[in-house]
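*Asks:* Just a sequence and a predicted model for now, questions to come.
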Amino acid sequence: MCGIVGYTGYREASTLLLDGLRRLEYRGYDSAGVAVLGHNTPVRIARSEGRLARLRELLDREPLAGQCGIGHTRWATHGRPTEVNAHPHRQGKVSIIHNGIIENHLELRARLESVGCKFSSETDSEIFAHLVDREMSGGTSDFRAAVASALGKVRGTWAICVLHDDHPFEIVAARHNAPLLLGLGDETRPAGQRENFIASDVAAILEHTRRVIDLDEGDTALVTRESVAVFDAAGKPVTRAERRIDWNLLTAEKEGFKHFMLKEIHEQPRVLSDTLAGRLLPQQADVRLDGIDLDVTAIRRITLLACGTSYHAALCGKYMLERVARIPVDVDLASEFRYRDPVVEPGTLGVVISQSGETADTLAALREVKRLGASTLAICNVVGSTIARTADQVIHTHAGPEVSVASTKAFTSQLTIFVLLALYFGKRRGQIADTEIQRLLGELSAIPEAMGHLLGQLPAVRTIARRYMHARDFLYLGRGLGYPVALEGALKLKEISYVHAEGYASGEMKHGPIALVDENLPVVVIALRGPGYEKVLSNLAEVRARGGKIISLATVGDAAIADLSDDVVLVPDVDELFQPLVASIPLQLLAYHIADLRGTDVDQPRNLAKSVTVE
Ligand code: AGP
């Protein structure tokens, strides 16, 4: 969604801000802007609609000199993506950038207009500029307190940064249900060479510092070149822990691949090894889940909550947990959960799954399930994210930074955690024999290699993609664990190629979607060997009898499938529990190649954002 970068120090701010915003480009945006404050000059603003390159051109033509500034990429919620609606917004001597939504903005706007305030944009965010301006015009010299007081009048979510013309080298930052962190410069440098940073995502400032402070909900901070001072929601000075970032920027670069998505698909064997590292205990027939301490005997039911791809991982998780641990599992779309008055019984473990750890719906569902008395666990990729910090316990997926909007490696790492969680529960509930755990652990540790081998065999997927790239609709069918895999395959195709695709449980095909089948409809069938195999073959025959084009995903050694299919992709023969791990890869590649051949913006598909921080 929106991105925020702030800088105060001794270097030219606009260059640093643009570089930082470039690191956040992958999150998706529709306009961008910066505000820069010079030593003896008031704040000057540059904004543009569209890509960052346009803002860069503007700044090349008309540079903004100054060593303190704030930068923003906007993803429109209130008001069209135009230059006028782009941030920063300015009123009087105040300039602000904002991520989030002000829920009572209409009411506040009407009130401010009735006392003569004039608004220049359609955004909710501009309200902040007016409110802070009014606080400051009251004569206070406490810039941070003025911002805190303005925040007391709004309802909603925010990560904001504020500049004031009369406060050179000062930025006030605040956070409430939207990510924001402070990056600490090297304070041992001589005075005159000190600096500090602010960002909504650490990638924006990682080139300059690895030391960060995550603001807590309700915090405000006064950031200067020399120091950072944090205050809690009550206005009391507080010390927030410093965190060191240990991944490097190279992992966030393309490394020779045409797109981040392709790179991330190819990273999966390594990611899987990283996710498993230190967690398999074959000797003890057990798994280790970081410092997780779950009273398994007290847990009677598990509720899984997530959105999008993470929701599909949760659907696989339900199957895995129920099969291995014999524990009832519900799966809910996080965006639906809190609006349907859910029943949460004593003994419920609420598990939220989120790559980014910042998805607003998932965070809201986590808070709701917690409020209703469940103990909570997060499966999360981003250390220190809001979801990771809100849940009682966290299992990190260790997939590394995922840049492409379409989630790939994070998905398979989530599946891996579910396998481990199923074994963890299964063992402690006495539902699985040690010998079976050992067999599964042995096979699991060989999956990264099988994935690597599979990736080597897959250039053929591009040929298949070329054959079907002009199709207007696709159907994806699967049964059992193949069903969420089909849903995920369809989602991948939709989001990056803009081709309509539907995932369906293959048993449901006769109850409706079969009416769509004709010679123009490619049907991707997950037909791996396992309990549902024979039935899937029947569904396949039904599609074929109606002229549908069949692309089968089958198990190596399956000689029969070729006669029933137009195209076949073979994947390694693995235990049913691990099938989603290998079956997902060709589907990710099919979506990737179709999108690439159609010439869409693979890494930043239209209308989408990497982390969806609004509900
Ligand atoms: C995945 O390809 C999507 N872009 C999207 O569905 C995503 O999985 C969803 O927004 C949830 O994100 P999260 O895992 O970061 O919570």
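*Replies:* Structure received.
*Asks:* Hmm, residue 541 and residue 565 touching each other?
*Replies:* No: using CB atoms under 8 Å, residue 565 is not in contact with residue 541; the gap is 10.6 Å. (Glycine included, C-beta is placed from N, CA and C.)
*Asks:* Give me the more crowded residue out of these two.
*Replies:* residue 565 (21 against 11; other CB atoms under 10 Å).
*Asks:* Check which helix or strand the residue nearest to the more buried one when sequence neighbours are not counted maps to.
*Replies:* Nearest non-adjacent residue to residue 565, counting by CB to CB, 6 or more residues apart in numbering: residue 552, 4.0 Å away. Residue 552 is part of strand 549-555, with elements assigned from DSSP states H and E.
*Asks:* which residues sit against that strand?
*Replies:* Under the criterion CB atoms under 8 Å, 6 or more residues apart in numbering, residues 464, 468, 519, 521-529, 540, 543-544, 561, 564-573, 583, 586-587, 590 lie in contact with strand 549-555.
*Asks:* Assign the one residue in the stretch 401-550 of the chain that gets nearest to the ligand to helix, strand or coil.
*Replies:* The stretch 401-550 of the chain approaches the ligand most closely through residue 407 (3.7 Å), counting by CB to the nearest ligand atom. Of the three states, residue 407 takes coil under DSSP: H, G, I helix; E, B strand; the rest coil.
*Asks:* looking at it, residue 306 is touching residue 316, isn't it?
*Replies:* No: the pair residue 306 / residue 316 is not scored as a contact, 11.1 Å apart, by CB under 8 Å.
*Asks:* returning to what we had before: what about the strand holding residue 552, average pLDDT?
*Replies:* Taken as a whole, strand 549-555 has a mean pLDDT of 94.
*Asks:* just to revisit the earlier point, find the nearest non-adjacent residue to the residue of the stretch 401-550 of the chain closest to the ligand, please.
*Replies:* residue 309 (4.2 Å).
*Asks:* for the one you found, helix, strand, or coil?
*Replies:* Assignment for residue 309 (three-state DSSP): helix.
*Asks:* what's the answer for the one 10 residues further on, then?
*Replies:* With three-state DSSP as the basis, the three-state label of residue 319 is helix.
*Asks:* Next: residue 193.
*Replies:* coil.
*Asks:* Would you mind measuring from it to residue 489?
*Replies:* 53 Å (CB to CB, to the nearest Å).
*Asks:* Residue 83 too?
*Replies:* Taking CB to CB, one finds residue 83 at 39 Å from residue 489.
*Asks:* again with residue 461
*Replies:* Look at residue 461 and residue 489: by CB to CB, they are 12 Å apart.
*Asks:* for the residue of the stretch 401-550 of the chain closest to the ligand, what are its contacts?
*Replies:* 308-310, 355.
*Asks:* circling back to that earlier point, between residue 83 and residue 489, which one's more packed in?
*Replies:* residue 489 (28 against 16).
*Asks:* What helix or strand is residue 183 located in?
*Replies:* Going by DSSP H and E, residue 183 is in strand 181-184.
*Asks:* That strand: what's the following helix or strand?
*Replies:* Heading C-terminal from strand 181-184 (DSSP H and E), you reach strand 196-199.
*Asks:* Can you tell me the strand partners of the helix or strand that comes right after that following strand and which way each runs?
*Replies:* Tracing the chain past strand 196-199, the next element assigned as helix or strand by DSSP H and E is strand 211-214. Strand pairing for strand 211-214, using DSSP bridges, gives strand 181-184 (antiparallel), strand 242-244 (antiparallel).
*Asks:* Leaving out chain neighbours, which residue sits closest to the residue of the stretch 301-450 of the chain found nearest the ligand?
*Replies:* Taking CB to the nearest ligand atom, the ligand has its nearest neighbour within the stretch 301-450 of the chain at residue 308, 1.8 Å off. Leaving aside its sequence neighbours, residue 308 sits nearest to residue 491 (CB to CB, 6+ apart; 6.8 Å).
*Asks:* does that neighbour sit in a helix, a strand or a coil?
*Replies:* Per three-state DSSP, the local secondary structure of residue 491 is helix.
*Asks:* my guess is it meets residue 310, correct?
*Replies:* No: using CB under 8 Å as the test, residue 491 is too far from residue 310 to be in contact (11.0 Å).
*Asks:* residue ranges of the strands in the stretch 201-350 of the chain, please?
*Replies:* 211-214, 220-223, 228-231, 237-238, 242-244, 280-281, 286-287, 301-306, 329-333, 348-354 (DSSP state E, counting those that start in this stretch).
*Asks:* Would you mind giving the ones you listed as CSV with distance to residue 438 added?
*Replies:* As requested, the strands of the stretch 201-350 of the chain are arranged in CSV below (distance: least, CB to CB, whole Å):
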stretch, distance to residue 438
strand 211-214, 40
strand 220-223, 51
strand 228-231, 49
strand 237-238, 49
strand 242-244, 37
strand 280-281, 10
strand 286-287, 10
strand 301-306, 25
strand 329-333, 24
strand 348-354, 26
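*Asks:* out of these, deepest packed?
*Replies:* strand 348-354 (a mean of 29; mean count of other CB atoms under 10 Å).
*Asks:* any idea of the angle that strand forms with strand 301-306?
*Replies:* If you take axes from the mean of the first three to the mean of the last three CA atoms, to 10 degrees, strand 348-354 sits at 20 degrees to strand 301-306.
*Asks:* Pairing partners for strand 348-354, with directions?
*Replies:* strand 301-306 (parallel), strand 375-380 (parallel).
*Asks:* Centre of the chain to that strand, how far?
*Replies:* 16 Å (CA atoms, centre = their mean, to the nearest Å).
*Asks:* Can you check what angle separates that strand from strand 329-333?
*Replies:* Using the same axes, to 10 degrees: strand 348-354 against strand 329-333 is 40 degrees.
*Asks:* For the lowest-mean-pLDDT helix or strand in the chain, which outside residues touch it?
*Replies:* The weakest-scoring helix or strand in the chain, judged by mean pLDDT, DSSP states H and E, is helix 533-545 (a mean of 85). Identification of contacts with helix 533-545 by CB under 8 Å, 6+ apart yields 477-479, 482, 506-507, 509-510, 514, 517, 523, 525-527, 550, 552, 560-561, 564-565.
*Asks:* Recalculate using a threshold of 7 Å.
*Replies:* 477, 479, 506-507, 509, 514, 517, 523, 525, 527, 550, 552, 564 (CB atoms under 7 Å, 6 or more residues apart in numbering).
*Asks:* Can you spell out which residues form a bridge with the residue nearest to residue 565?
*Replies:* Assigned bridge partners for residue 552, using DSSP bridges, are residue 525, residue 568.
*Asks:* follow-up on the earlier one: looking at residue 491 and residue 310, which is more packed in?
*Replies:* residue 310 (26 against 23).
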